[in-house]
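A.B. asks: Dropping the sequence and predicted coords here.
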Amino acid sequence: ETGVTQSPTHLIKTRGQQVTLRCSSQSGHNTVSWYQQALGQGPQFIFQYYREEENGRGNFPPRFSGLQFPNYSSELNVNALELDDSALYLCASSLARLAAQETQYFGPGTRLLVL
Amino acid sequence: RKEVEQDPGPFNVPEGATVAFNCTYSNSASQSFFWYRQDCRKEPKLLMSVYSSGNEDGRFTAQLNRASQYISLLIRDSKLSDSATYLCVVNGQDTDKLIFGTGTRLQVFP
């Protein structure tokens, strides 16, 4: 087990709604990254937080936003949901400020279906 | 051109076979290279990092060719439990993010 948990495990929403996904990182891991994995694709980087500040962002629109809290938990918020937002959302925690430099530990993911 | 490209497979091999996956990347400045394994409907898990000199972990060997910008994963003596999707991962233009390939699916049959 990686020690990274995510909730909920599954979620169904309708187009236009808003959703909040949650992640609890390994204790001591100051960096959390969020990824979107569509069916048949590899995970795509959404953004990364280090000590509660955004520390890098992928090619996702502003309706994807996040928060990181001092207790190693974090949130991914998506506004104005679109059908294409249906995917597995993964969070990953790591020790280093630059997550690309070392092992990332993934949570089990949240499966989001937008109808 | 995609930043990280992999053959999606599937590769169907018998138990005991040797199988190799290749992956190419576009950013010549990339410094971090990994192979992750993802089981069906599960999260990715680090299989191994890839070092410039190549590295081995049991039945798994990873190699990096910077000149040609590709990395490889060799699996010897395949087991049924090796059936999974193998994701090639490279750091992108911005060193703070990882770029995943689409993955190569391996199915080992008895």
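C.D. replies: Now that the structure is in, tell me what you want to look at. Residues are numbered from 1 along each chain as shown, chains lettered A, B, ... in the order given.
A.B. asks: Which positions in chain B make contact with chain A?
C.D. replies: B:4, B:8, B:31-32, B:34, B:42-46, B:49, B:87, B:91-92, B:94-103 (Cβ under 8 Å from any Cβ of the partner chain). All C-beta atoms are positioned from the backbone trio N, CA, C, and that covers glycine.
A.B. asks: In strands, which of those fall?
C.D. replies: B:4, B:34, B:44, B:45, B:46, B:49, B:87, B:91, B:98, B:99, B:100 (DSSP state E).
A.B. asks: Name whatever forms a beta bridge with the closest residue to residue B:49 other than its chain neighbours.
C.D. replies: Distances taken as Cβ to Cβ, 6 or more residues apart in numbering or on different chains put residue B:34 closest to residue B:49, at 5.4 Å, once the chain neighbours are dropped. Under the criterion DSSP bridges, residue B:34 forms beta bridges with residue B:49, residue B:89.
A.B. asks: ok, now which ones touch residue B:34?
C.D. replies: A:103, B:46, B:47, B:48, B:49, B:50, B:88, B:89, B:90, B:98 (Cβ atoms under 8 Å, 6 or more residues apart in numbering or on different chains).
A.B. asks: Redo these as JSON lines? Include pLDDT.
C.D. replies: JSON lines is the format used below for the contacts of residue B:34 (pLDDT from 0 to 100):
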{"residue": "A:103", "pLDDT": "80"}
{"residue": "B:46", "pLDDT": "92"}
{"residue": "B:47", "pLDDT": "95"}
{"residue": "B:48", "pLDDT": "93"}
{"residue": "B:49", "pLDDT": "91"}
{"residue": "B:50", "pLDDT": "92"}
{"residue": "B:88", "pLDDT": "96"}
{"residue": "B:89", "pLDDT": "94"}
{"residue": "B:90", "pLDDT": "92"}
{"residue": "B:98", "pLDDT": "86"}
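A.B. asks: Let me know the closest of those to residue A:4.
C.D. replies: Residue A:4 lies nearest to residue A:103 out of the contacts of residue B:34, by Cβ to Cβ, at 11.8 Å.
A.B. asks: Touching, the closest one and residue B:45? I think so.
C.D. replies: No - using Cβ atoms under 8 Å, residue A:103 is not in contact with residue B:45; the gap is 9.6 Å.
A.B. asks: next SSE after the least confident helix or strand in chain B by mean pLDDT?
C.D. replies: Lowest by mean pLDDT, DSSP states H and E among the helices and strands of chain B is strand B:98-100, with a mean of 90. Using DSSP states H and E, the helix or strand that follows strand B:98-100 in sequence is strand B:104-109.
A.B. asks: Can you name the residues of chain A that neighbour chain B?
C.D. replies: A:2, A:33, A:35, A:40-45, A:48, A:55-56, A:58, A:90, A:98-101, A:103-104, A:106-109.
A.B. asks: ok, now how distant is the closest residue to residue B:32 other than its chain neighbours from residue A:33?
C.D. replies: Closest residue in space to residue B:32, ignoring its immediate chain neighbours: residue B:91 at 4.2 Å, by Cβ to Cβ, 6+ apart. Residue B:91 sits 12 Å away from residue A:33, going by Cβ to Cβ, to the nearest Å.
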